[in-house]
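Chemist: What would the 3D arrangement of this be:
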Amino acid sequence: MAGLVFLALAVLVGAGSAALAWSQVRRTARVTSGDCAALARALRRLPSYERIGELLRRTAPGTWEHDLAEELGSIPDDAAQVAAVNLALSELERALAEGADWPRSAVRISLLSALLMAFAAFLADPSQIRWSLGIVATGGAAAILCMEAARIAKRNETEQRRAVDELIAAAFGDRLPIAEARNARNAPGAADGAGRGPTPRRGSGSRRRP
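Modeler: Prediction:
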């Protein structure tokens, strides 16, 4: 009976750990509307002076892209627009980083709790080792789910950054210079150019045209 109780607890903890890990997948997928790459392609077909207005028209209120377009549309000065974009990028990075450790923490929680409960079940009834084995298997399955969530969340982060960089380059067109790639943190794929992409700034750097 004790083994069954511990197994039930292991299932509950494993399910909770998996839910915690996959919440980060949902969070990273919802940082933007998910249409940044498509928006960038659409904006590149328009004259540069129409792109901010078109971005505002094509995006839903409350999305990161819409808020950015609304902010840029109210700022006529190039330098102030660059500052607004950099602030928006910082907010995006903060949103992506929030909860980034949850999947790894969920892996540890599922494994450690399973081991502890398996040991407790064994102490309660050494003749019923099958309960301990079932608890360990449950914790291992939950840990695998959490690791998969960590992988997908990291992939979402990389894709979101890449799409946002494309959108900003398309929205600005050739009106503002686009500077070197961001290296504030080591993003996945940074070594092969798939890092966080360009940061707009005022300066004399070369222009990247859409």
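
Chemist: Could you use CA atoms for every contact and neighbour count after this?
Modeler: Fine.

Chemist: quick one: pLDDT of the closest residue to residue 59 other than its chain neighbours?
Modeler: Setting aside the residues directly before and after it, residue 59 is nearest to residue 66 in space (Cα to Cα, 6 or more residues apart in numbering), at 5.2 Å. On pLDDT, residue 66 comes in at 92.

Chemist: quick one: contacts for residue 66?
Modeler: Taking Cα atoms under 8 Å, 6 or more residues apart in numbering as the contact definition, residue 66 lies against 55, 56, 59, 60.

Chemist: Which strands and helices lie in contact with the strand or helix carrying residue 19?
Modeler: Per DSSP states H and E, residue 19 falls inside helix 2-29. Applying 3 or more Cα pairs under 8 Å, 6 or more residues apart in numbering; DSSP states H and E, we find helix 2-29 packed against helix 78-97, helix 102-124, helix 129-172.

Chemist: Residue 76 - how many residues pack around it?
Modeler: 9 (other Cα atoms under 10 Å).

Chemist: so what pLDDT did it get?
Modeler: Looking at residue 76, the pLDDT reads 79.

Chemist: Over to residue 170?
Modeler: The model's pLDDT for residue 170 equals 88.

Chemist: Equivalent analysis for residue 132, please.
Modeler: Residue 132 is assigned 92 on the pLDDT scale.

Chemist: and the helix holding residue 19 with helix 78-97, angle?
Modeler: Computed by axes from the mean of the first three to the mean of the last three Cα atoms, to 10 degrees, the angle separating helix 2-29 from helix 78-97 equals 170 degrees.

Chemist: Name the SS class of the residue of the chain positioned farthest from its centre, please.
Modeler: Distance from the C-alpha centroid of the chain peaks at residue 127, with 46.4 Å (Cα atoms, centre = their mean). Applying DSSP: H, G, I helix; E, B strand; the rest coil to residue 127 yields a three-state assignment of coil.
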